[in-house]
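J.: With the input below, show me the fold.
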Amino acid sequence: MLDLPSRGRGVFFFLLATVAVVVPALAKAQCVAEPTGNGAIFYHPDGTSMGHWDAARILYYGPDGSLNWDRLPQMAAYRGHLRDSLTSSSNGGASTHATGTRAWRGSFGLDNQGREIVSANGTTNTIMEDAVACGLGTALVQTGSLIEPGTAVFVADAENRYADVEEIALEVVESGVDILLGAGEELLLPEGVQGTFGIGIRSDGRNLIEESKARGYVVVYTREALLALPPDVDKVLGVFNVEDTFHDRPEEELREAGLPNYLDSAPTVAEMTEFALSRIGDNSNGFLAVIEEEGTDNFCNKMNASGCL
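T.: As a prediction, the model looks like this:
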């Protein structure tokens, strides 16, 4: 097992190989090695590349300035191609991140034969499943829907990321992760049931929000409610919109409608991260937080430069 910096300092990861060895090898749902008590943070700005990094630096600080990313004490690039593609996909790349094994383009935690991917540690667990099994403090933070691959693949698998969205949502909320923050209310409620933001679409009749409460989660729907939670609340499901926490539309459409890029009622990725780390960072076994900014992908796809950067 690779030693991490001492607890409280954390580590910011882009590198696959590093992430894959943070937690010791396990049998399924069983911790077989002693946790070190150290922590790791995996940040994933979806859909981005070095080009986005450079553009953001120039926009905010000038060509000779430095982003916070530039100030990290250590960093390295990795080769992001997949087994069958020179370019990546959100789900294929996330499968690689979660397992430390290069996945195929269509993967959502499974290989091209529909089998669970064997991770770099020799098990079929992802790094987050290992962390849950070993009793680490755990968090999945997402500005998009809770089913987005960048976080969901760490605790769920599916043959098709689009056809199996109900099952993915179920696996996420049943994963045992301590802090689950994001959106996607529609996939947590039965079809036709009115929620805080919209109407449920689940065809199996299950109310995953009520089921989460029964398992000890406190459910919140706004930034105000999240930040007002008492310090001793350590199992939280944050559901901040029906689908995403942002309006992924072109800038001119948002200006015409008088809408911001992100919902005013939803916490930012920074606020969600700070909240999550305040709850899991003092776990004596250590912690693992996986955090995805989905807007960097969706806004770019909608030609919204301000949201993208």
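J.: what ranges do the strands span in the stretch 51-200 of the chain?
T.: In the stretch 51-200 of the chain, the strands defined using DSSP state E, counting those that start in this stretch lie at 137-145, 179-183.
J.: Make TSV out of the ones you listed and add distance to residue 43.
T.: For the C-beta atoms, the positions are set from N, CA and C on the backbone; glycine is no exception. Formatted as TSV, the strands of the stretch 51-200 of the chain follow (distance: least, Cβ to Cβ, whole Å):
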stretch	distance to residue 43
strand 137-145	9
strand 179-183	14
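J.: Tell me which of these sits nearest to residue 63.
T.: Nearest to residue 63 among these is strand 137-145 (27.9 Å), distances taken as Cβ to Cβ.
J.: Alpha carbons only: can I get the closest one in PDB?
T.: Output of strand 137-145 as PDB, limited to C-alpha atoms (Å, rounded to 0.1, in the frame of the first residue of the first chain):
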ATOM      1  CA  GLY A 137     -14.900   8.400   5.700                       C
ATOM      2  CA  THR A 138     -16.400   8.600   2.200                       C
ATOM      3  CA  ALA A 139     -18.000  11.200  -0.100                       C
ATOM      4  CA  LEU A 140     -19.300  11.500  -3.600                       C
ATOM      5  CA  VAL A 141     -19.800  15.100  -4.700                       C
ATOM      6  CA  GLN A 142     -21.400  15.900  -8.100                       C
ATOM      7  CA  THR A 143     -22.700  19.100  -9.600                       C
ATOM      8  CA  GLY A 144     -24.700  17.000 -12.100                       C
ATOM      9  CA  SER A 145     -27.100  14.100 -11.500                       C
END
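J.: can you state the direction angle for that strand and strand 179-183?
T.: Interaxial angle of strand 137-145 relative to strand 179-183 (axes from the mean of the first three to the mean of the last three Cα atoms, to 10 degrees): 0 degrees.
J.: Strand 137-145 pairs with which strands?
T.: strand 179-183 (parallel), strand 287-293 (parallel) (DSSP bridges).
J.: Quick one: mean pLDDT over the shortest one.
T.: This points to strand 179-183. In this model, strand 179-183 carries a mean pLDDT of 98.
J.: Which residues does the next helix or strand after that strand contact?
T.: As assigned by DSSP states H and E, the chain's next helix or strand after strand 179-183 is helix 208-214. The contact list for helix 208-214 (Cβ atoms under 8 Å, 6 or more residues apart in numbering) reads 169, 170, 173, 185, 187, 188, 189, 195, 202, 219, 237, 239.
J.: Okay, now the unreliable bits of the stretch 151-300 of the chain?
T.: Nowhere does the stretch 151-300 of the chain drop to pLDDT under 70.
J.: That one: helices as residue ranges?
T.: All helices of the stretch 151-300 of the chain, identified by DSSP state H, counting those that start in this stretch, fall at 165-173, 208-214, 223-227, 251-257, 269-280, 295-301.
J.: Of all these, which one is nearest residue 37?
T.: Nearest to residue 37 among the helices of the stretch 151-300 of the chain is helix 269-280 (12.6 Å), distances taken as Cβ to Cβ.
J.: Centre of the chain to that closest one, how far?
T.: The gap between where helix 269-280 is centred and where its chain is centred comes out at 12 Å by Cα atoms, centre = their mean, to the nearest Å.
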